[in-house]
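Undergrad: I'd like to go over a predicted model; first the sequence, then the structure.
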Amino acid sequence: MALHEGVTPTGMEYSIHDCPLRIKDEILTVFPKVDVSKLLIVPTCQHAAMDLVQVGEPVDVEKDKLLEQFMDWSKAVCDILAAEGHWVDYIDPCSGLPMVHKECNSVYPEVEGLSVLKGYKTANAGCCKVLLHPKW
């Protein structure tokens, strides 16, 4: 259950969750020193203008746009929270690796995490798992 849900000005959905037991081990694999009992997780979703499983230049442009929006928002939120003394990080959607604590080299399974937190279903797309957003 989300503690809060919202939408950014660019249309990115986000929600705030306590760290559930089902993903604590994955979090500790990526961030072994974090206190998961106090950790809040903020998953995000963006609606793409096209099917991103396809290939080609228009898909690449859309992916880049969505990635830039995510990275800009995530960095801004982390900067604000870090300035207030909170431990923060966010995951690069392309690599699954942390962007703040770069000494960590374990990959966070973001599709699985979002599925656990939001209850969304997943499907296989080649060698990747994709999230099935209930509205999109």
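TA: Received the coordinates, thanks. Numbering: from 1, shown residues only.
Undergrad: quick check: next helix or strand after the longest helix seen in the chain?
TA: For the chain, the longest helix by residue count, based on DSSP state H, is helix 57-83. Remark: after helix 57-83, the chain's next helix or strand is helix 110-118, criterion DSSP states H and E.
Undergrad: list the buried residues of that following helix.
TA: For helix 110-118, the neighbour count (16 or more other Cβ atoms under 10 Å) marks 110, 111, 113, 114, 115, 116, 117, 118 as buried. Every C-beta, even on glycine, is put in place using the N, C-alpha and C of the backbone.
Undergrad: residues in contact with the most centrally placed residue in the chain?
TA: In the chain, the C-alpha closest to the average C-alpha coordinate belongs to residue 43, at a distance of 4.6 Å (Cα atoms, centre = their mean). Residues near residue 43 by Cβ atoms under 8 Å, 6 or more residues apart in numbering: 14, 15, 17, 110, 113, 114, 117, 118.
Undergrad: hey, which helix or strand in this structure has the poorest pLDDT?
TA: strand 128-132 (a mean of 84; mean pLDDT, DSSP states H and E).
Undergrad: so which bits of stretch 35-47 are buried?
TA: In terms of neighbour count (16+ other Cβ under 10 Å), stretch 35-47 has its buried residues at 36, 41, 42, 43, 44, 45, 46.
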